[in-house]
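# Provide a 3D model corresponding to the input given below.
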Amino acid sequence: MSDLNAFVKKESMEMDEQLEKRLIELLDRQAIWDVVLRYARGIDRLDRDLVRSCYWDDAIDDHHAYVGSPDYFIDVTFADARAMSIRQHHGLSNHVCEIIGDDAHCETYYTFIGHNIEPPHLLSMGRYIDHLQKRDGVWKYAGRVTVIEKNFQLTEYPGDSQICAGDTSHGPLLPATRDRNDLSYHRPIVPRRPVQGD
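Got it, this is the predicted structure:
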């Protein structure tokens with residue numbers, strides 16, 4: 001009977017170890033995905049602190065025309081965005097991640113739309129190829145290469161912007177700002193109240 005108990009206990013310990021490893025891997029994968037999402041949100045909201053929180057101090061960002069430190073990349077990108085665009089959206093889709101110890105190697109597809117002050121506007125598609133490192137339990141970018149696969153110029157037909165901006169049949173458009181006044185920073189978000197009779 002003691003042999004059976006010892007066997008069961010050993011099997012249980014091995015299962016616990018496997019489960020713990022799997023849970024740690026899942027937590028790591030979620031933390032890595034959170035870095036990727038935090039970066040995109042920070043870029044779109046022009047939130048320097050949020051974007052900077054994604055990078056280790058010694059990271060290199062190879063982002064087409066910009067190659068260098070994260071601080072240089074963020075400063076140049078934000079200056080260009082403020083000078084040229086009204087709003088921008090980074091959409092993220094396919095994401096694969098290989099974790100080897102405290103290093104992760106990821107590929108994430110992006111679609112970027114930049115609504116410029118003056119047309120043409122920009123649609124870009126490509127991939128982020130990332131090397132993240134876990135240091136003191138925290139995942140951040142150690143190196144990033146942005147692979148731009150295609151850029152498209154978007155033009156507006158005469159009257160398009162007036163039609164979109166002037167369509168108030170469902171009420172005024174909610175404000176979208178590129179700073180911490182944006183609705184996404186409100187805690188808690190306070191929805192508008194329904195109109196009487198709705």
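# can you tell me the helix or strand for the spatially most central residue of the chain?
Among the residues of the chain, the one closest to the centroid is residue 37, at 2.4 Å (C-alpha atoms, centre = their mean). Assessed by DSSP states H and E, residue 37 sits inside helix 2-45.
# ok so, going back, how about the contacts made by the residue nearest to the centre of the chain?
The contact partners of residue 37, by C-beta atoms under 8 Å, 6 or more residues apart in numbering, come to residue 92. In this view, the C-beta of every residue, glycine as well, is placed from N, C-alpha and C.
# against which helices or strands is the helix or strand that the helix holding residue 37 is followed by packed?
Going down the chain from helix 2-45, the next helix or strand is helix 48-52, by DSSP H and E. Packing partners of helix 48-52 (3 or more C-beta pairs under 8 Å, 6 or more residues apart in numbering; DSSP states H and E): helix 2-45, helix 70-84.
# which one of the ones you listed lies closest to residue 117?
Between residue 117 and the helices and strands packed on helix 48-52, the tightest spacing by C-beta to C-beta is seen for helix 70-84, at 6.2 Å.
# point out where this structure drops to low pLDDT.
Low-confidence segments of the chain, defined by pLDDT under 70, span residues 1, 4, 6-11, 13, 158-170, 197-198.
# tell me which of the helices and strands packed on helix 48-52 sits most buried.
helix 70-84 (a mean of 15; mean count of other C-beta atoms under 10 Å).
# show residues contacting the helix or strand where residue 111 lies.
Using DSSP H and E, residue 111 maps to strand 103-116. Residues outside strand 103-116 that contact it (C-beta under 8 Å, 6+ apart): 28, 32, 36, 40, 81, 84-98, 121-134, 139, 142, 154.
# go again with 7 Å.
Applying C-beta atoms under 7 Å, 6 or more residues apart in numbering, the contact partners of strand 103-116 are 32, 36, 84-98, 121-133, 139.
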